[in-house]
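> model this:
(one chain, ligands or ions: 1)
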Amino acid sequence: MLVQPHLFIPGPTTIPEPVRMAMNIPMEDMRSAEFPKFTLPLFEDIKKVFKMKDGRVFIFPSSGTGAWESAIENTLAVGDKVLMSRFGQFSHLWVDMAERMGLDVVVCDEEWGTGVPLEKYADILARDTGHEIKAVFATHNETATGVTSDIAGVRKALDAANHPALLMVDGVSAVGSIDMQMGAWGVDCCVSGSQKGFMLPTGLGILAVSQKALEANKQNGRMNRCFFSFEDMIKTNDLGYFPYTPATQLLRGLRASLDMIAEEGLENIFARHTRLANGVRKAVDAWGLQLCAKEPKWHSDTVSAIYVPEGFDANEVLKTAYYRYNVSLGTGLARVAGKVFRIGHLGALDEVMVGGALFGVEMALKDCGIGIKLGSGTGAAAQYFSETATKSASSRDESSSLKAA
Ligand SMILES: *Cc1c(COP(=O)(O)O)cnc(C)c1O
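Got it, this is the predicted structure:
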């Protein structure tokens, strides 16, 4: 194949060259005296991405799902009552895990295309005067439907009820791309993974935990645990090591990724994601198609799930994009299979890459007989990008390069 497949799925995302090169190294001794000089600053620096005020970050050789499990089994006991909501495949799977692990789950079932129901949460928490609910769960960004929920709003609901429950957030497709303020929002466990905003291959389950969650871990009656145990991790991490063989190449990649994140700046990264997502939404409007997200307040800046018109099969659009144009788009999952296709727009991405995705989508839609005008969506996105362009996306300093010339 002459060129790499163009990957516009919401994870794994495109890996920037410096990150890929940082991982292309020989195996190293993870018990050497040198290793902590690398890991200890890594543990400190990753905290900044979560905007934590206390607590620590655990890095497991797993995917995000492992970090989900770790959050539950280290802080809760079998039979504990918890409050959760589901409105897409990922929030559904977390509920399923919580039930299988023996939690007594109060589930709010919401329409797909909406998100965490703040008013319902506030009401349930206010009525729980005996504080039977031990934890409240929220999926920050539902990747299946392209819906972002208001985590600060969940904190407000907890505070309004003066409720001590832990706040557990799935940030897998949000952290590093959409603002997460663990400290300010009082988030106790924030789950992430390596292959989305962190721009790495799959293979790290990343779990940020507050001091309050670490305290909950010390109480009696929690679940049995081993591989994902906080205490085993703490004992070894404090010295710069791991309880088992760490994925050293991924950690080297993480170092490079954190350096790139620091260089661009978190706020600039969030603004870039908003801008790129706006461009995608301009295209969707121009095509006359609908997002799965029901209202602008739910719009996700990392993934857009887009309905094909009634009578068409979204899988045909996906196949056409893949086989004819070498473009990978996200499939519709579970309830929206065949109805939506998804464009992942997170991680190492700029206007031209998003434009390429829209270009491929536009042709695939047309080829599938969906009556859209070629150039309509790409044109609308281009118009928006050019109107709102400030500085070169590559952060090159135009004035200094002119001087040099
Ligand atoms: C990708 C994703 C997960 C699952 O993570 P894995 O790394 O595939 O285990 C969980 N939640 C959300 C919101 C996701 O986007």
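
> can we go C-alpha only for contacts and neighbour counts from here?
Fine.

> next, the distance between the ends of stretch 289-301.
18 Å (C-alpha to C-alpha, to the nearest Å).

> just the strands in the stretch 1-150 of the chain please.
Assignment of strands within the stretch 1-150 of the chain using DSSP state E, counting those that start in this stretch yields the ranges 6-8, 56-60, 81-86, 104-109, 133-139, 141-142, 147-148.

> that should have said the stretch 151-300 of the chain, apologies.
Going by DSSP E, counting those that start in this stretch, the stretch 151-300 of the chain shows strands at 166-170, 189-193, 205-209, 290-291.

> just those strands: most buried one?
strand 189-193 (a mean of 30; mean count of other C-alpha atoms under 10 Å).

> quick one: contacts of it?
For strand 189-193, the surrounding residues in contact (C-alpha atoms under 8 Å, 6 or more residues apart in numbering) are 63-64, 67-68, 71, 166-173, 175, 182, 202-210, 213.

> keep only those residues that also lie close to the ligand.
Checked against the ligand using C-alpha under 6 Å from any ligand atom, these yield the following neighbours: 63, 64, 170, 172, 173.

> dump these to JSON lines, plus pLDDT.
Below are these laid out as JSON lines (pLDDT from 0 to 100):
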{"residue": "63", "pLDDT": "97"}
{"residue": "64", "pLDDT": "98"}
{"residue": "170", "pLDDT": "98"}
{"residue": "172", "pLDDT": "98"}
{"residue": "173", "pLDDT": "98"}
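
> can you list contacts of the top helix by length along the chain?
Assignment by DSSP state H gives helix 266-287 as the longest helix of the chain. Residues from elsewhere that reach helix 266-287 (C-alpha under 8 Å, 6+ apart): 49, 176-179, 261, 290-291, 300-304, 306, 345-346, 350-351, 354, 358, 372-373, 376-382, 384-385.

> restrict stretch 103-122 to CA atoms and write it as CSV.
Extracted C-alpha coordinates of stretch 103-122, given in CSV (Å, rounded to 0.1, in the frame of the first residue of the first chain):
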residue,chain,number,x,y,z
LEU,A,103,-22.7,-3.8,42.8
ASP,A,104,-26.3,-2.8,43.4
VAL,A,105,-26.7,-0.5,40.5
VAL,A,106,-29.5,2.1,40.2
VAL,A,107,-29.5,2.8,36.5
CYS,A,108,-31.0,5.8,34.7
ASP,A,109,-31.8,4.7,31.2
GLU,A,110,-31.6,7.7,28.9
GLU,A,111,-32.3,8.1,25.2
TRP,A,112,-29.2,7.5,23.0
GLY,A,113,-28.0,10.9,21.9
THR,A,114,-28.4,12.4,25.3
GLY,A,115,-26.1,12.2,28.3
VAL,A,116,-25.9,12.1,32.1
PRO,A,117,-29.3,13.2,33.4
LEU,A,118,-28.3,15.9,35.9
GLU,A,119,-31.8,16.6,37.2
LYS,A,120,-32.5,12.9,37.9
TYR,A,121,-29.1,12.5,39.6
ALA,A,122,-29.8,15.6,41.8
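
> what mean pLDDT does stretch 10-22 get?
Mean pLDDT, computed over stretch 10-22, is 97.

> please apply the same query to stretch 244-263.
Mean predicted lDDT for stretch 244-263 stands at 98.

> only C-alpha atoms, please: export it in CSV.
Listed next in CSV are the C-alpha coordinates belonging to stretch 244-263 (Å, rounded to 0.1, in the frame of the first residue of the first chain):
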residue,chain,number,x,y,z
TYR,A,244,4.9,-6.7,37.5
THR,A,245,6.5,-6.1,34.1
PRO,A,246,5.5,-2.7,32.8
ALA,A,247,5.0,-1.9,29.1
THR,A,248,8.3,0.0,28.9
GLN,A,249,8.0,1.0,25.3
LEU,A,250,4.5,2.4,25.9
LEU,A,251,5.8,4.3,28.9
ARG,A,252,8.6,5.8,26.7
GLY,A,253,5.9,6.8,24.3
LEU,A,254,3.8,8.3,27.1
ARG,A,255,6.8,10.4,28.0
ALA,A,256,6.9,11.8,24.5
SER,A,257,3.2,12.3,24.4
LEU,A,258,3.2,14.2,27.7
ASP,A,259,6.0,16.4,26.4
MET,A,260,3.9,17.2,23.2
ILE,A,261,0.9,17.9,25.3
ALA,A,262,2.9,20.3,27.6
GLU,A,263,4.4,22.0,24.5
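
> quick one: that stretch near the ligand?
No: using C-alpha under 6 Å from any ligand atom, stretch 244-263 stays clear of the ligand, coming no nearer than 13.9 Å.

> if we can go back for a sec, quick one: closest of the strands of the stretch 1-150 of the chain to residue 225.
strand 56-60 (13.7 Å; C-alpha to C-alpha).

> neighbours around residue 30, how many?
Using other C-alpha atoms under 10 Å, residue 30 has 18 other residues around it.

> and for residue 303?
Applying other C-alpha under 10 Å, we find 30 residues neighbouring residue 303.

> interface residues of the stretch 151-300 of the chain facing the ligand?
Within the stretch 151-300 of the chain, the positions adjacent to the ligand are 170, 172, 173, 193 by C-alpha under 6 Å from any ligand atom.

> for the residues you listed, which one is nearest residue 84?
residue 170 (11.3 Å).

> the closest one: what's it in contact with?
68, 137, 138, 139, 140, 141, 190, 191, 192.

> and the pLDDT at residue 396?
At residue 396, pLDDT is 59.

> before we move on, the earlier item: any chance of TSV for the strands of the stretch 1-150 of the chain, columns mean neighbour count and distance to the ligand?
Formatted as TSV, the strands of the stretch 1-150 of the chain follow (neighbours: other C-alpha atoms under 10 Å; distance: least, C-alpha to the nearest ligand atom, whole Å):
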stretch	mean neighbour count	distance to the ligand
strand 6-8	21	14
strand 56-60	23	11
strand 81-86	23	11
strand 104-109	16	17
strand 133-139	24	6
strand 141-142	32	5
strand 147-148	30	10
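
> kindly reformat those strands as JSON lines containing distance to residue 35.
Shown next, in JSON lines, are these (distance: least, C-alpha to C-alpha, whole Å):
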{"stretch": "strand 6-8", "distance to residue 35": "34"}
{"stretch": "strand 56-60", "distance to residue 35": "15"}
{"stretch": "strand 81-86", "distance to residue 35": "39"}
{"stretch": "strand 104-109", "distance to residue 35": "42"}
{"stretch": "strand 133-139", "distance to residue 35": "35"}
{"stretch": "strand 141-142", "distance to residue 35": "35"}
{"stretch": "strand 147-148", "distance to residue 35": "38"}
